[in-house]
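Chemist: Here is my input, please return the structure:
(one chain, ligands or ions: 1)
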Amino acid sequence: MLELINYDGMTDCHGITGNSVTRMHIHFYLLDDLLIDTGSSRLGRISSTFFSRHKIRYAALTHVHEDHSGMAYWLTQKLGIPVFLHEGDHSEAVSPQRLPLYRNVVWGNRRPFYPAAMPPRISTDRYDLDVIPAPGHSPNHVVYHEKSKGWLFTGDLYIATKQNVSFYTENTLQAIASIRHLLTLDWETIFCAHSGIKHNGKEKLRLKLDFFETIQKQVEDLRDKGLSLAEINRYLFPKKDFWELVSRGEWSSFRLISTAAK
Ligand SMILES: [Zn+2]
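Modeler: The predicted structure is shown next:
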């Protein structure tokens, strides 16, 4: 089921994938005729009905991961809708993807698609969105800033104020730099691709920055005491996270701490 939530004139589309153990929330957003992210292919049966019934002129992705781009092929091929994507992710988008089993179960595969070049700004009748590069979760991740509304569409940059593991594309130092920059801009509300709409979003993103900076400081202090990154990882995260085991290391605390060190 796709839950549609009207928020100040735009639509927050909320779906759930996975089973009782791997249950995951996905949000994508429709602003006038602009779709931000497409959801995963596991939601395809219900999201394609939604896409067909609404006038969509463009789709804009925050990054190429399959839970955001899973329906990009369908939108470009069936509806002829251009899908904007950061140029750095284009070669991955056109390539067939061989997903590990857990990602196939939770999100479903992403078929290759031909993305359109990302413009610096995207406008609809009522909204103007600045495209802001925000590497951290992945190298070519972007966020969309609707300044007059105080909205920030953060893709996977935020998700929660803390995390025990990072995906293999994540870089803690890059995330710190991106978040510091975003906190200097004028906005208040986060539109996250997994945790939905977050009021006091700036405060929440500041807490995420605090978390990353604390990790960075702990890693640097322990390294100065002579500990290796592997030893620091065991010290800070003695217990393996569920997702680290399920993903066979695609998600890991080692990635979180090793990319926090200068
Ligand atoms: Zn992602």
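Chemist: what helices or strands is the helix or strand where Gly44 lies leaning on?
Modeler: In this assignment (DSSP states H and E), Gly44 forms part of helix 44-53. With contacts defined as 3 or more C-beta pairs under 8 Å, 6 or more residues apart in numbering; DSSP states H and E, the packing partners of helix 44-53 are strand 10-17, helix 72-78. For glycine as for every other residue, the C-beta is placed from the backbone atoms N, C-alpha and C.
Chemist: Please repeat the previous calculation with a cut-off of 10 Å.
Modeler: With contacts taken as 3 or more C-beta pairs under 10 Å, 6 or more residues apart in numbering; DSSP states H and E, helix 44-53 sits against strand 10-17, strand 24-31, strand 34-36, helix 72-78.
Chemist: What residues does Ile63 make contact with?
Modeler: Careful, residue 63 is His and not Ile. Residues near His63 by C-beta atoms under 10 Å, 6 or more residues apart in numbering: 37, 69, 85-86, 88-89, 92, 134-135, 137-143, 155-157, 169, 193.
Chemist: likewise Thr189?
Modeler: Applying C-beta under 10 Å, 6+ apart, the residues contacting Thr189 are 7-8, 146, 149-153, 197-202, 204.
Chemist: Can you name the residues of this structure that neighbour the ion?
Modeler: His65, Asp156 (C-beta under 5 Å from the ion).
Chemist: would you put the C-alpha positions of the lengthiest helix in the chain in CSV?
Modeler: Identified as the longest helix of the chain according to DSSP state H is helix 201-224. Extracted C-alpha coordinates of helix 201-224, given in CSV (Å, rounded to 0.1, in the frame of the first residue of the first chain):
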residue,chain,number,x,y,z
GLY,A,201,15.0,19.4,10.8
LYS,A,202,17.9,21.7,11.2
GLU,A,203,18.2,20.8,14.9
LYS,A,204,18.1,17.1,14.0
LEU,A,205,20.8,17.5,11.3
ARG,A,206,22.9,19.4,13.8
LEU,A,207,22.6,16.4,16.2
LYS,A,208,23.8,14.2,13.3
LEU,A,209,26.8,16.5,12.8
ASP,A,210,27.5,16.3,16.6
PHE,A,211,27.4,12.5,16.3
PHE,A,212,29.8,12.3,13.4
GLU,A,213,32.1,14.9,14.9
THR,A,214,32.2,12.9,18.2
ILE,A,215,33.1,9.7,16.2
GLN,A,216,35.8,11.7,14.4
LYS,A,217,37.3,13.0,17.6
GLN,A,218,37.3,9.6,19.3
VAL,A,219,39.0,8.0,16.3
GLU,A,220,41.7,10.7,16.2
ASP,A,221,42.3,10.5,20.0
LEU,A,222,42.5,6.7,19.9
ARG,A,223,44.8,6.7,16.9
ASP,A,224,47.1,9.2,18.6
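Chemist: Distance from that helix to the middle of the chain?
Modeler: 19 Å (C-alpha atoms, centre = their mean, to the nearest Å).
Chemist: what packs against whatever helix or strand comes next after it?
Modeler: Downstream of helix 201-224, the next assigned helix or strand under DSSP H and E is helix 229-236. Where contact means 3+ C-beta pairs under 10 Å, 6+ apart, helix 229-236 is packed against helix 201-224, helix 253-258.
Chemist: and the residue of the stretch 151-262 of the chain found nearest the ion, how many residues sit next to it?
Modeler: Nearest residue of the stretch 151-262 of the chain to the ion, counting by C-beta to the ion: Asp156, 3.9 Å away. Residues lying near Asp156 (other C-beta atoms under 10 Å) number 23.
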